[in-house]
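In: the sequence and its predicted three-dimensional model are supplied below.
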Amino acid sequence: MKREVYESQKPFAGEKKPSMQRRCVGHDYTERMMYMVTMVVEGRRPLFGSVVGCSEAPADGEDSPRIVLSELGQRVYDECMATPVYHPEISVVALQMMPDHLHVVLFVKSKMKQPLGMVLRGIKQKCNHHYRELVLKVPSVALSTQQTELAPLKKDRRGEEREHGLLFSRGFNDKLLLRDGQLQRWLEYLRDNPRRLLMKRERPDLFRVQHGLVVGNQQFSAIGNRFLLERPVRLQVKCSRRLTDDEITQKQTWWLAQARTGAVLVSPCISKGEKNVMRAAFEEGLPLIVLQENGFTDLAKPGGRRMEACSRGQLLLLAPWAHHNERLTIRRDQCLALNNMAKMICESR
């Protein structure tokens, strides 16, 4: 299967308030493209089933992490997999059901008559019929689009808007395939989702986003092992860009030796030298505190191997600023600020 790769992703439309549901500005959602789409159950209710097993069990073992689908979950799965029947120009590359959401990788192979959003809307409408029948216990009837997706939002007891009678929250999150290697990362992410959920359940304190964590005179959002801040020795990893490779290697040798005796290495990993040192420490399983420019949403979780590092208590991620969806290049003043914060973390008591 040929993969479509673009050099850069255009900025998202709409206001700058963080949102995971903005569409890509200027992109034609009827054209050939591969997407990873996420749709979430209204209210994050675990209606699709439950994840069972053990996060440390082998993938082919009896206790391997997996989801056991409810009857509703199985019907939603079947509806998603049937997408090519109604839209032959789309193929389902991968689908991962989770208790309160689903991820699906879709390949639009040829020009469509309607945009992807309309296709997903149709899937939601079919799933709504199963939801009414199995959960609300009312006969599944063919309601109009006006009655299902465009019905006015009702109010709950607090006067807040809510949707009643609909399975999914409004909208969806989509990611476009833009770079080499991205598809494989998507597939691994989908496959690993049940294990990651079990890891969060088994070690909730290490994966709960904490906002307003105060260190010295600075507030952070944090994910990971906050007890690393209490280690008696914390060392800032800071490397000038003017250092030669040999000089970086010498500094790396010293920092790793200190970390092996219990010191925590602290850095925003900005320069090449800082990245090399922190990467080597990470590979060795040494304790790290990493500062980053982009903050965390309430449901954020570490990506890739960082999640396993958090699970082991090896890693703490700190972000001093709010989350944003846009891909932004870090500014010089932010680099200086993050390095000053790393220094402050190492000196605070």
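Out: Structure received.
In: doesn't Leu336 belong to a helix?
Out: Yes - applying DSSP: H, G, I helix; E, B strand; the rest coil, one finds Leu336 inside a helix.
In: for it, grab the count of nearby residues.
Out: By the criterion of other C-beta atoms under 10 Å, Leu336 has 11 neighbours. Glycine gets a C-beta too; all of them are placed from N, C-alpha and C.
In: could you report the separation of it from Ala57?
Out: Going from Leu336 to Ala57 by C-beta to C-beta, to the nearest Å gives 46 Å.
In: strands of the chain, start to end?
Out: Using DSSP state E, the strands of the chain run over 33-40, 49-52, 66-69, 90-98, 101-108, 154-155, 161-162, 173-176, 210-215, 218-224, 234-236, 264-267, 288-291, 315-319.
In: describe which strands the third one pairs with in its sheet and in which direction.
Out: Looking at strand 66-69 with DSSP bridges, its partner strands are strand 49-52 (antiparallel).
In: output the partner strand as CSV, nothing but the C-alphas.
Out: Backbone C-alpha positions of strand 49-52 (Å, rounded to 0.1, in the frame of the first residue of the first chain) are rendered in CSV as follows:
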residue,chain,number,x,y,z
GLY,A,49,-16.4,-3.4,27.0
SER,A,50,-13.6,-3.8,29.5
VAL,A,51,-9.8,-4.2,29.2
VAL,A,52,-8.6,-7.3,31.0
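In: give me the buried positions along that strand.
Out: Buried residues in strand 49-52, counted by 16 or more other C-beta atoms under 10 Å: 49, 51.
In: show me how far that strand is from its chain's centre.
Out: When C-alpha coordinates are averaged (C-alpha atoms, centre = their mean, to the nearest Å), strand 49-52 and its chain have centres 19 Å apart.
In: got a list of what Gly224 touches?
Out: By C-beta atoms under 8 Å, 6 or more residues apart in numbering, Gly224 lies in contact with 206, 302, 309-310, 315-317.
In: how about those residues in CSV, adding distance to Met39?
Out: Formatted as CSV, these follow (distance: C-beta to C-beta, whole Å):
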residue, distance to Met39
Leu206, 28
Pro302, 23
Ala309, 29
Cys310, 26
Leu315, 30
Leu316, 32
Leu317, 27
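In: what's the neighbour count on Ala59?
Out: Close neighbours of Ala59, defined as other C-beta under 10 Å, add up to 10.
In: may I ask you to name the longest helix in the protein?
Out: Looking across the chain with DSSP state H, the single longest helix is helix 182-202.
In: on that earlier part again, kindly indicate which of the contacts of Gly224 lies nearest Ile270.
Out: Leu317 (15.1 Å; C-beta to C-beta).
In: the closest one is in contact with Phe220, isn't it?
Out: No - using C-beta atoms under 8 Å, Leu317 makes no contact with Phe220, being 9.2 Å away.
In: returning to what we had before: looking at the strands of the chain, which is buried most?
Out: The highest average neighbour count among these, using mean count of other C-beta atoms under 10 Å, belongs to strand 264-267 at a mean of 26.
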